[in-house]
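Asker: With the input below, show me the fold.
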Amino acid sequence: MQLPTSFARAPRILRAALREHAPALILCIGQAGGRPWISLERIAINIDDARIADNDGVQPIDTRIVGSGPAAYFTTLPIKSMRAALLAANIPAEISQTAGTFVCNHVFYALMRALAATRARPRGSFIHIPYLPEQTQDRPGEPDLPLETVVAALRLMIETALIAHEDQRIAAGATH
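Answerer: Here you go, the predicted structure:
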């Protein structure tokens, strides 16, 4: 499903979808311009600090997402195993330590907070993907990945997450 780039609306739609579908695994996807690889996010932090407004014109600065919530939530997916599978398939990938402070992080925090509150304990994370080539045509040198590569990466990450319940203990900073 597609979520709006909205601090207010995206979490509500996400939580409604989680209740309706009760998935075992959730991958939230967002775009991160300027990145040449798939970024598997490790930590959702409890802060909104938007350098630009969202699609509703909202621009929170230094605002906690949940006043009484924990400072952060960690992904519950095996992101190092997922990254290793991507690299083995020659798909550029990295472990990113946070999802930033814009709507992507807000959604990631809302996801992990919702998952922590469920008895079923579904697993989830957030993935940033690069721009597609058609999005960078007017910007020479801007990194991008073809749609086919992104789709193959998403499939491989889902397959890996469904199989691997324990993550690999390998260095996160190995070459992309």
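Asker: just the helices in this protein please.
Answerer: 9-21, 79-88, 103-116, 147-163 (DSSP state H).
Asker: Deepest-packed of those, please.
Answerer: helix 103-116 (a mean of 23; mean count of other Cβ atoms under 10 Å). Glycine gets a C-beta too; all of them are placed from N, C-alpha and C.
Asker: Just send the helices of the chain back as TSV, with mean pLDDT too.
Answerer: Shown next, in TSV, are the helices of the chain (pLDDT from 0 to 100):
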stretch	mean pLDDT
helix 9-21	97
helix 79-88	97
helix 103-116	97
helix 147-163	97
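Asker: I'd like to know which of those helices lies nearest to I29.
Answerer: Closest of the helices of the chain to I29 is helix 147-163, at 7.2 Å (criterion: Cβ to Cβ).
Asker: Which secondary structure elements does the closest one sit against?
Answerer: strand 25-31, strand 38-45, helix 79-88, strand 123-129 (3 or more Cβ pairs under 8 Å, 6 or more residues apart in numbering; DSSP states H and E).
Asker: can you redo those as CSV with distance to Q2?
Answerer: Shown next, in CSV, are those (distance: least, Cβ to Cβ, whole Å):
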stretch, distance to Q2
strand 25-31, 10
strand 38-45, 19
helix 79-88, 22
strand 123-129, 14
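Asker: The nearest residue to T98 once chain neighbours are set aside pairs with what?
Answerer: Distances taken as Cβ to Cβ, 6 or more residues apart in numbering place I43 nearest to T98, at 5.0 Å, with adjacent residues excluded. According to DSSP bridges, the partner residues bridging I43 are F74, T98.
Asker: Count the residues that sit near I43.
Answerer: 18 (other Cβ atoms under 10 Å).
Asker: Check E166 too.
Answerer: Considering only other Cβ under 10 Å, E166 is surrounded by 7 other residues.
Asker: do you know how far I163 is from M1?
Answerer: 24 Å (Cβ to Cβ, to the nearest Å).
Asker: Format the helices of the chain as CSV; extra columns: distance to T136.
Answerer: Putting those into CSV (distance: least, Cβ to Cβ, whole Å) gives the following:
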stretch, distance to T136
helix 9-21, 25
helix 79-88, 21
helix 103-116, 19
helix 147-163, 13
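Asker: closest one to Q59 among the ones you listed?
Answerer: When the helices of the chain are compared (using Cβ to Cβ), the closest one is helix 103-116, at 10.9 Å.
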